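Visitor: below is the sequence, then the predicted model.
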Amino acid sequence: MSVSTETEAESEFGTESEVESELAADIAAPGTAAKQPRRAIAFGLAAATALATLLCWFGFRVHQDQQELSQRNQFLQVARQAALNLTTIDWRHADGDVRRILDSATGEFHNDFAKRSQPFIEVLQEAKASTVGTITEAALESQTADTAQALVVVSVQTSNAGTPEPVPRVWRMRITVQRIGAGVKVANVGFVA
């Protein structure tokens, strides 16, 4: 019985000399078994680094897109408000209305409007004129880092002492806005036919 058990063990595991030679080979090459976990760790670190880099890039792009959208909205809002300021003027408080326009203006537009503001106020008060503007459409036509051009369509109701019923008109304006410090101001206004 003992003979058959030894033969069965030898056939299952190989001969004693074969087992010893395999053990000797494993002992002689200790780096082979250790290389497998190192490769897995290196691959895992490379994959984690690539994933972190990709997530950072996506986060940066989302942040950049949000900043551009915020700036675009700010430019458009300033252009819309400028159109309302220019088209909503009442002879009873023309000084304040003109001051509001000048406060939101910059550069050559500010200088030109400031020069013409007093005669403009006098004409409004003489005619007892009032205008009320309503924005019907507005969009940015172009944009750079610090400036934008907006097209604004305004429906304007004009009344004066000679006309009891307001007269409706539609004005199309191209308004250039410019970043000045932390704010945005109107740099130019033109009428579009």
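Guide: Received, thanks. Numbers count the residues shown, from 1 in each chain.

Visitor: give the buried residues for the longest strand seen in the chain.
Guide: Determined from DSSP state E, the single longest strand within the chain is strand 163-180. Within strand 163-180, the residues that qualify as buried are 171, 173, 175, 176, 177, 178, 179, counting by 16 or more other Cβ atoms under 10 Å. In short, each C-beta sits where N, CA and C put it, glycine included.

Visitor: same deal with stretch 99-118?
Guide: Neighbour-count burial for stretch 99-118 [16+ other Cβ under 10 Å]: 100, 101, 102, 104, 105, 106, 109, 110, 113, 117.

Visitor: ok, the nearest residue to residue 151 once chain neighbours are set aside to residue 149 distance?
Guide: Leaving aside its chain neighbours, residue 151 sits nearest to residue 141 (5.3 Å; criterion: Cβ to Cβ, 6 or more residues apart in numbering). Separation of residue 141 from residue 149 (Cβ to Cβ, to the nearest Å) stands at 4 Å.

Visitor: residue 162 now?
Guide: From residue 162 to residue 149 the distance is 36 Å (Cβ to Cβ).

Visitor: more crowded one of the two?
Guide: residue 149 (18 against 8; other Cβ atoms under 10 Å).

Visitor: so that one, which state does it fall into?
Guide: Secondary structure, DSSP: H, G, I helix; E, B strand; the rest coil: residue 149 is strand.

Visitor: quick one: the helices in this protein?
Guide: Counting by DSSP state H, one finds helices in the chain at the ranges 2-13, 16-28, 30-87, 94-103, 107-127.
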